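[1] Structure, please.
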Amino acid sequence: MNPNFNKNQDGLLPAIIQDTITNNVLMLGYMNKDALEQTLDTSNVTFYSRTKKRLWTKGEESGNFLHLVDIKLDCDNDTFLIKVNPVGPTCHKGTDTCWNEKNETHYGFISNLEDVISQRKLNEDDQKSYIVSLFKKGINKIAQKVGEEAVEMVIESKDNDDNLFLNESADLLFHYLILLQAKGFKLNDVVTILENRANNY
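    Next up, the predicted model:
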C-alpha cells in the first residue's frame, strides 16, 4: 500500500469508513501519514482532525471505537476504504451513521419486499392485498402455505422444467418471509444464526 499523501498540500487523504458486516458507509474522515500509522499500530481507526489540528482516535472520548478490519486504497492511491467493526453509534450526534441512517444489513430487493410485508401487516383495511388476507387468516394458515409451497418446489425439482422450479422457489421464499414476520422475526434474524454456525459447516 502506497498512499499518495503528497497529492494535497495539507497531506490529508479522505478515508471512507464502511461496516465490514453490513457494508454500510458510516462516516468520512481524513488521514495523514501519522494517523494511518497509529491506526495500523492500535487497530483503532485514527484520523487527523482538521478542527482540533491533531490526531484523533474515533471513540477516544465516547468509547465508540472503530475497530480496524481492513484498509484498501483506490486506483489513484489517494482515498482509503476502511472496513471496521464499530462499537456503538458512529456519528457524534448519536446516530449509527453520519447520514442519520440505521446501520442494518440490507439484502436489496428482499429487504424491500420485507418492508412491503411489514406495511401490509399493519394495514388490515386493504381488502385487495393477498398478504393482508393471509395475516387475517392467522399463523396456522400462513404455516400451511409455506408447507404447500415447499412440497410444490420439491416436486418441481424432480422434473426438468427450470422455469416452474424457480417460480415455486420464489413462492416458497415469499411465503417464508411472511411466516417470519407472523412470528415477529425477519430474515436477518435467521442470517445471524447461520453466521454463528459458520465455523461448524
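[2] where exactly do the helices run in this protein?
    Under the criterion DSSP state H, the chain contains helices at 33-42, 109-122, 130-137, 139-157, 162-182, 187-197.
[3] Next, format those helices as CSV and append distance to Asn103 and mean neighbour count.
    (C-beta placed from N, C-alpha, C; glycine too.) Output for the helices of the chain, formatted as CSV (distance: least, C-beta to C-beta, whole Å; neighbours: other C-beta atoms under 10 Å):
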stretch, distance to Asn103, mean neighbour count
helix 33-42, 20, 16
helix 109-122, 14, 14
helix 130-137, 28, 16
helix 139-157, 30, 15
helix 162-182, 21, 17
helix 187-197, 12, 12
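[4] Could I get those helices in CSV, plus columns for distance to Leu73?
    Shown next, in CSV, are the helices of the chain (distance: least, C-beta to C-beta, whole Å):
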stretch, distance to Leu73
helix 33-42, 10
helix 109-122, 30
helix 130-137, 46
helix 139-157, 45
helix 162-182, 39
helix 187-197, 28
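[5] Adding mean pLDDT and distance to Gly94, write those helices out as CSV.
    Below are the helices of the chain laid out as CSV (pLDDT from 0 to 100; distance: least, C-beta to C-beta, whole Å):
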stretch, mean pLDDT, distance to Gly94
helix 33-42, 97, 24
helix 109-122, 95, 24
helix 130-137, 95, 35
helix 139-157, 97, 37
helix 162-182, 98, 29
helix 187-197, 93, 22
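[6] which one is Ile139 nearest to, not counting chain neighbours?
    Among residues not flanking Ile139 along the chain, Ala182 sits closest, at 5.2 Å (C-beta to C-beta, 6 or more residues apart in numbering).
[7] My guess is the one you found contacts Ile142. True?
    Yes - in this structure, Ala182 is within contact of Ile142 by C-beta atoms under 8 Å, at 5.0 Å.
[8] any common contacting residues for the two?
    Listed as contacting both Ala182 and Ile142 by C-beta atoms under 8 Å, 6 or more residues apart in numbering are Phe135.
[9] Just give me the residue closest to the centre of this protein.
    Thr105 (2.1 Å; C-alpha atoms, centre = their mean).
[10] Let me know the distance separating that residue from Gln144.
    30 Å (C-beta to C-beta, to the nearest Å).
[11] do Met153 as well
    Met153 is 15 Å from Gln144, by C-beta to C-beta.
[12] Ile82: neighbour count?
    22 (other C-beta atoms under 10 Å).
[13] right, I mislabeled it, should have said Lys72
    If you count neighbours by other C-beta under 10 Å, Lys72 ends up with 12.
[14] what's near enough to touch the residue nearest to the residue nearest to the centre of the chain when sequence neighbours are not counted?
    Sequence neighbours aside, Thr22 is the residue nearest to Thr105 in space, at 4.6 Å (criterion: C-beta to C-beta, 6+ apart). Shown in contact with Thr22 (C-beta under 8 Å, 6+ apart): 103-106.
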